[in-house]
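J.: Here is the input, now give the coordinates:
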Amino acid sequence: MYELFILGELMTGEKHGYMLQDVLKNSVGLGRKISSGTLYPLLSRMTDAGWIHLRVEEETKGGRTRKIYGITEAGTERFVELMAAPFDSDWDIETQYTFRFKMVYFQYVTKEIRMECLNQYMRLLMKNLKTVSDFEYYLLANKPEPEKQRVQLLRVFDHRKRLAETEIQWIKEEIERVQAQKN
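T.: You can find the predicted model right below:
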């Protein structure tokens, strides 16, 4: 997921590590952060792999140097590969973040890749909705004890179903919008 984010951000132009860290922090929200201890080793591995290049720039304030990263041709190929890669079959927060990142960088890939991403995400949403609905049906049919917990679980599943239904509707509209676009 972080590789996709870094390569996607570098598709927009060169950036220094702190800027990448700041954009990521603001992209994923309050619940998720990437530490310098995670980001900079990843940038080093991506540089070693030839996906990004590093340019060292002298910084005038404080005499520190600044490392500026840019994407290479191999990095662009890797970016497209990651954008076209299928999601994991499990519905989890990583899948949701990956989808959000892919959406941000849709303008850098073909319509076919965008459509496959949206359709695959739709299938995951539908699978998730079915799982929630099946468990809700089980709770209603079998009425396990304690009742207070069952009632609250039903409230939680109602919330999850409504969120899924809203997201499914949005994805349907997005699929229609992308289908109407020219390549």
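J.: what's the burial count for residue 78?
T.: 20 (other Cβ atoms under 10 Å). Just so you know, the C-beta spots here come from the backbone N, C-alpha and C atoms, and that holds for glycine as well.
J.: what's the nearest residue to it once chain neighbours are set aside in contact with, if anything?
T.: Spatial nearest neighbour of residue 78, chain neighbours left out: residue 51 (4.9 Å); criterion: Cβ to Cβ, 6 or more residues apart in numbering. Each residue near residue 51 by Cβ atoms under 8 Å, 6 or more residues apart in numbering is listed here: 3, 7, 71-72, 74-75, 78.
J.: can you tell me how far residue 51 sits from residue 70?
T.: To residue 70, residue 51 is 10 Å away according to Cβ to Cβ, to the nearest Å.
J.: Other residues contacting the host helix or strand of residue 82?
T.: Assigned by DSSP states H and E, residue 82 belongs to helix 73-84. Residues outside helix 73-84 that contact it (Cβ under 8 Å, 6+ apart): 3-4, 7-8, 10-11, 46, 49-52, 71, 102, 105, 108-109, 113, 116-117.
J.: Stretch 40-48 too?
T.: 2-3, 6-7, 17, 20, 52-54, 67, 69, 75.
J.: Now for the contacts of residue 51, which sits with the most neighbours around it?
T.: Ranked by the number of neighbours (other Cβ under 10 Å), the contacts of residue 51 place residue 7 first, at 26 neighbours.
J.: The residue nearest to it when sequence neighbours are not counted: how many residues sit nearby?
T.: Nearest residue to residue 7, sequence neighbours excluded (Cβ to Cβ, 6+ apart): residue 79, at 3.9 Å. Using other Cβ under 10 Å, residue 79 has 22 other residues around it.
J.: Then residue 159?
T.: With other Cβ under 10 Å as criterion, residue 159 counts 11.
J.: For it, give its distance to residue 146.
T.: Taken as Cβ to Cβ, the span from residue 159 to residue 146 is 20 Å.
J.: before we move on, what about residue 20?
T.: From residue 20 over to residue 146 (counting by Cβ to Cβ), the distance is 49 Å.
J.: Enumerate every residue touching the nearest residue to residue 83 once chain neighbours are set aside.
T.: Closest residue to residue 83 apart from its sequence neighbours, by Cβ to Cβ, 6+ apart: residue 109 at 4.7 Å. Listed by Cβ under 8 Å, 6+ apart, the contact partners of residue 109 are 80, 83-84.
J.: So which bits of the lengthiest helix in the chain are buried?
T.: In terms of residue count, the longest helix belonging to the chain (DSSP state H) is helix 147-180. Residues of helix 147-180 classed as buried by neighbour count (16 or more other Cβ atoms under 10 Å): 157, 160, 164, 167-168, 171, 174-175.
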